[in-house]
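Participant: Dropping the sequence and predicted coords here.
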Amino acid sequence: MLKISLKGDLAHFAHQDGKPLPGVAPVAMQQGEYVAKVIQHRFKQKEYPPFHYVDFGSLAVIGRHAAVVDLGFMQFSGFIAWLFWVFVHIYFLIEFDNKLIVMIQWCWNYFTRKRGARLITGEEAKMLIEIDGRGDYHLPELEKETLEV
């Protein structure tokens, strides 16, 4: 009998409260650990209990040095929350050299106010958002033409 497991962003898993789990890294990490244990148990022809997600909280960056943290039992925001976000993300990276490289890159980008481009288009992209010297975003006056997406 063929058994297929689908985890991560592609899976719609009705959580314990009936709502689907969000497509974020903490969910995927717990699902990955669960699937690894299920596979190990299947090799031994043993059953494994159903997946149970544990919500450790939510983190979100909301500015250059501001974030919000909701741990369930405590919420905080601002610079301290941003530092918490940085260190939690560094902590969960694999291998020491990855942690060191990412930390150096983040520090360099923070102090030089550089923003990394994450799009490779193969052609010159039109600037739809302008960034001023302080790192704030502004919408420029767009020409009256149709933008192709």
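Facilitator: Yep, that arrived. Numbers count the residues shown, from 1 in each chain.
Participant: Now Asp70. Nearest residue, chain neighbours left out?
Facilitator: Closest residue to Asp70 apart from its sequence neighbours, by C-beta to C-beta, 6 or more residues apart in numbering: Ser58 at 4.8 Å. From N, CA and C alone the C-beta is placed, and that goes for glycine too.
Participant: what phi and what psi does the backbone show at that neighbour?
Facilitator: As for Ser58, its main-chain torsions (degrees, to the nearest 10) stand at phi -130, psi 140.
Participant: Next up, the contacts around it.
Facilitator: Going by C-beta atoms under 8 Å, 6 or more residues apart in numbering, Ser58 touches 68-70.
Participant: Look up the closest residue to Trp108, ignoring the ones flanking it.
Facilitator: Trp108's closest residue in space is Lys114 (C-beta to C-beta, 6+ apart), at 7.3 Å.
Participant: count of neighbours near the one you found?
Facilitator: Lys114: 11 surrounding residues under other C-beta atoms under 10 Å.
Participant: I'd assumed Gln105 was in contact with it.
Facilitator: No - the pair Lys114 / Gln105 is not scored as a contact, 9.7 Å apart, by C-beta atoms under 8 Å.
Participant: re the thing from before, the residue nearest to Trp108: which element?
Facilitator: Using DSSP states H and E, Lys114 falls within no helix or strand.
Participant: Over the longest helix anywhere in the chain, what's the mean pLDDT, rounded is fine.
Facilitator: Assignment by DSSP state H gives helix 25-43 as the longest helix of the chain. Averaging pLDDT along helix 25-43 yields 88.
Participant: now swap in stretch 84-100 and tell me
Facilitator: Here the average pLDDT along stretch 84-100 is 86.
Participant: Between the two ends of stretch 52-72, how far is it?
Facilitator: Length of stretch 52-72, first residue to last, C-alpha to C-alpha, to the nearest Å: 17 Å.
Participant: average pLDDT across that stretch?
Facilitator: The average pLDDT within stretch 52-72 is 87.
Participant: And the helices in this structure?
Facilitator: 25-43, 79-91, 96-112.
Participant: Please consider this matter closed, and thank you.
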